[in-house]
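A.B. asks: Predicted model follows, preceded by the sequence.
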Amino acid sequence: MKKRSSGRNRVLSETQTNRTMSRKRKVITTSYSEPAAVDRIGECPDSLLVHILSLLPIEDAVRTQVLSKRWQLLWTFLPSLLFRSPLRYPVFNDDDSDDEDFRVASSDEFAAFVDKTLMFSNSKVEKFEVGFEYEPRFASRVDSWTRFAAGKGVEELCLQLRPAAFNLHEDEHCELPQLLYDNSKFKELLFSCCRVIPKGNVAWYSLKKLSIGYVNLSEDVIETILAGSPVLEILELHHCEGFSCLSVTNSCVKKLILRDFLCNGDEIGSGLEISAPYLLSLEMSGGLGRSCRFMNVSSLADVVFNCQFVFAEQDRANDTGRIQDMVGGLLASLVHVKNLTLGAWAIEHFEIELAELCRYNEEQYWTAQKWTYNCMTLHLKNVMIAGSWWCCDSNFLAFIQLLLRNARVLQKMVITNPNDYRLEDYFQAAQELLSFPRSSPDAVVIFC
Amino acid sequence: MASSIENNNEKLTLKSSDGEEFLVEKHVALQSTLLQNMLDSDCSSADVIPLPKIDARTLALVLGYCKKHADASSSKQGELNSFDSEFLKDMDMGALFNLVLAANFMEIKGLLDIAAQKIADTIKDKPHQEVREIFHVENDYTPEEEAAVREENRWAFEGFP
């Protein structure tokens, strides 16, 4: 019964194939005076097939070895080995040959799959990535995988060792193998959920991009890393703790990305001081639980600030004061910034602060903060407002009014279209907004 | 002096495998590393450059891609991305392979990447027999050999017991 039905399927699919083939030939023959479409699929050189394989999930690529003898070893030449959990194994259903199901590999299977694949690897490997649910018993495996990567001259290395258990203590996170700290092949490194404790110097002389997440970093470690990365251009830190001062004095570092700087128990109330004199671009996003102050960012030209302020529960009462501190500190450090993009949450809290200011001491505040005030009036050129709540909020409109009235060289204010408000509210608010006086003759307000 | 002015409007002629000639502006041709290297190594632009492995239909597509990418300014990345995805839409496998081979031969990295990715997406999750049909691969394993390959590499097919 089963056999017969699968046989019928095959016949059917062959007929279909023939039909498509003949149709294709016909089309081409009429378009060009050529005897027949040249089928060149078979002419693909091995290098091209390997390139296509490298774009597949690695478990699919490895399994192409059953296609034919030519394909038996192609997968061993993959130049990038990206092992990303969940790894899937096909489940062969007898009753329905058309639909293949998959099951997800366990962590042990994942680790064994990585071991085996690396054992067969036949070529230079440029990119190596492991992302799976880490448990302490895999420490030696991770060690040997990174040894493999270093031995193969990998240029891009990515280790994402998410703890398998939620309560895995930080001391049980994988410690980055020491041999990784001395490697001048690396161009891009990404680590998350591991312990970064270099025992000697760091020598990442070719490193252009570094991303570290969920790591407790001491100021000393940061200094050691930066000292050993002379050509680093992009630095990303997310969910990192353990330092209250970030000093990036490398002249090559042009872009800093900070995501999710929450505070743990010890750090409540502690600020983060950032100094980066050569930095051109800064992106901050995610939750922010610490006040940040930028000390020396004179080259900074582009800032994207899309954070949500997050506080510990017991601290709730001081929210407004702290937000004012944070926003005030941030504003004060953004004197030279040409392009400032603010996310919805940030604006909302600028607005809270400004609402307070508008009510009580607007002029005094701006006069007291003369520096910031000058910054806004003399330099602010482009404002982009992304959020959907603004049109029903008179405080926020007051903020926009303040901006338009004071920013003397403003060129463009872009406001994104809210889609969860009634249109009439939107139009009413938009109309009001457009009627505000502008001190800059060139200012254009764009709704999009 | 005069030659540098000429250079700006310089065109070169490419000849497909089926004998059609395409007149191409130089800045469009430069999307291809192969052509760029030929132009750098004083290959006269008066010559017709034969591309014996690329038929006219494929070459027309390739040059369409190159023109779009050469003319678009870098600020229009979003527009280029939508052009790219539209470009390959509804393309049959034969045409897609011709394109990927042409991009590989002419060294047009962007085109190679999107066409190869499209092929990879197509074969992802397909049973092996279908992948064989797509790549026109003849299974030259005997049933015993194929079983042996699977058995030796059970870790890749079924996981570990």
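C.D. replies: Arrived safely.
A.B. asks: Which secondary structure element of chain A has the lowest mean pLDDT?
C.D. replies: Among the helices and strands of chain A, helix A:362-368 carries the lowest confidence by mean pLDDT, DSSP states H and E, at a mean of 34.
A.B. asks: ok, and the closest non-adjacent residue to whichever residue of the stretch 201-350 of chain A sits closest to chain B?
C.D. replies: For the stretch 201-350 of chain A and chain B, the shortest gap (CB to the nearest CB) falls at residue A:339, measuring 14.2 Å. Every C-beta, even on glycine, is put in place using the N, C-alpha and C of the backbone. Nearest residue to residue A:339, sequence neighbours excluded (CB to CB, 6 or more residues apart in numbering or on different chains): residue A:302, at 4.7 Å.
A.B. asks: Can you give me every residue that contacts that neighbour?
C.D. replies: Listed by CB atoms under 8 Å, 6 or more residues apart in numbering or on different chains, the contact partners of residue A:302 are A:280-282, A:337-339.
A.B. asks: roughly how far apart are it and residue A:283?
C.D. replies: 8 Å (CB to CB, to the nearest Å).
A.B. asks: Any regions of the stretch 201-350 of chain A where pLDDT drops low?
C.D. replies: Scanning the stretch 201-350 of chain A for pLDDT under 70 picks out A:263-270, A:309-336, A:338, A:340-350.
A.B. asks: The closest residue to chain A within chain B: what's it in contact with?
C.D. replies: Chain A sits closest to residue B:120 of chain B, with a gap of 3.7 Å, by CB to the nearest CB. By CB under 8 Å, 6+ apart, the contact list for residue B:120 reads A:52-53, A:55-56.
A.B. asks: Among the contacts of residue A:302, name the buried ones.
C.D. replies: Among the contacts of residue A:302, those classed as buried by neighbour count (16 or more other CB atoms under 10 Å in any protein chain shown) are A:281-282, A:337.
A.B. asks: Can you list the residue ranges for helices in chain B?
C.D. replies: Per DSSP state H, chain B carries helices over the ranges B:2-8, B:26-29, B:33-40, B:56-71, B:77-88, B:93-106, B:109-123, B:128-135, B:143-152, B:154-157.
A.B. asks: And residue A:190, which helix or strand is it part of?
C.D. replies: According to DSSP states H and E, residue A:190 maps onto strand A:188-192.
A.B. asks: where does chain B have low pLDDT?
C.D. replies: Using pLDDT under 70, the flagged stretches of chain B are B:1-9, B:42-46, B:73-75, B:160-161.
A.B. asks: hang on, the earlier thing: what are the bridge partners for the residue nearest to residue A:339, then?
C.D. replies: In this structure, residue A:302 bridges to residue A:281, residue A:339 when assessed by DSSP bridges.
A.B. asks: Distance of it relative to residue A:254?
C.D. replies: Separation of residue A:302 from residue A:254 (CB to CB): 10 Å.
A.B. asks: what's the overlap in contacts for these two?
C.D. replies: A:280-281.
A.B. asks: who does the helix or strand hosting residue A:256 pair up with?
C.D. replies: Assigned by DSSP H and E, residue A:256 belongs to strand A:255-261. According to DSSP bridges, strand A:255-261 forms sheet pairs with strand A:234-238 (parallel), strand A:281-288 (parallel).
A.B. asks: and of these, who's closest to residue B:94?
C.D. replies: Judged by CB to CB, the one of the strands paired with strand A:255-261 that comes nearest to residue B:94 is strand A:234-238, at 41.4 Å.
A.B. asks: in the closest one, what counts as buried?
C.D. replies: Across strand A:234-238, burial judged by 16+ other CB under 10 Å covers A:234-238.
A.B. asks: Tabulate those residues (TSV), appending distance to residue A:245.
C.D. replies: Compiled in TSV, those are given as follows (distance: CB to CB, whole Å):
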residue	distance to residue A:245
A:234	20
A:235	15
A:236	18
A:237	13
A:238	18
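A.B. asks: Return the member of these nearest to residue B:159.
C.D. replies: Checking the buried residues of strand A:234-238 against residue B:159 by CB to CB gives residue A:238 as the nearest, at 32.8 Å.
A.B. asks: That closest one pairs with what?
C.D. replies: Beta bridges link residue A:238 to residue A:213, residue A:259 when assigned by DSSP bridges.
A.B. asks: hang on, it packs against residue A:213?
C.D. replies: Yes: if you go by CB atoms under 8 Å, residue A:238 and residue A:213 touch, sitting 4.4 Å apart.
A.B. asks: Who are the contact partners of residue B:72?
C.D. replies: Shown in contact with residue B:72 (CB under 8 Å, 6+ apart): B:79-80, B:83.
A.B. asks: Please indicate which of those residues are buried?
C.D. replies: By 16+ other CB under 10 Å, these give residue B:80 as buried.
A.B. asks: can you list the contacts of residue B:72 in a markdown table and add distance to residue A:60?
C.D. replies: A markdown table is the format used below for those (distance: CB to CB, whole Å):
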| residue | distance to residue A:60 |
| --- | --- |
| B:79 | 32 |
| B:80 | 29 |
| B:83 | 28 |
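A.B. asks: Against residue A:164, how distant is residue A:116?
C.D. replies: From residue A:116 to residue A:164 the distance is 21 Å (CB to CB).
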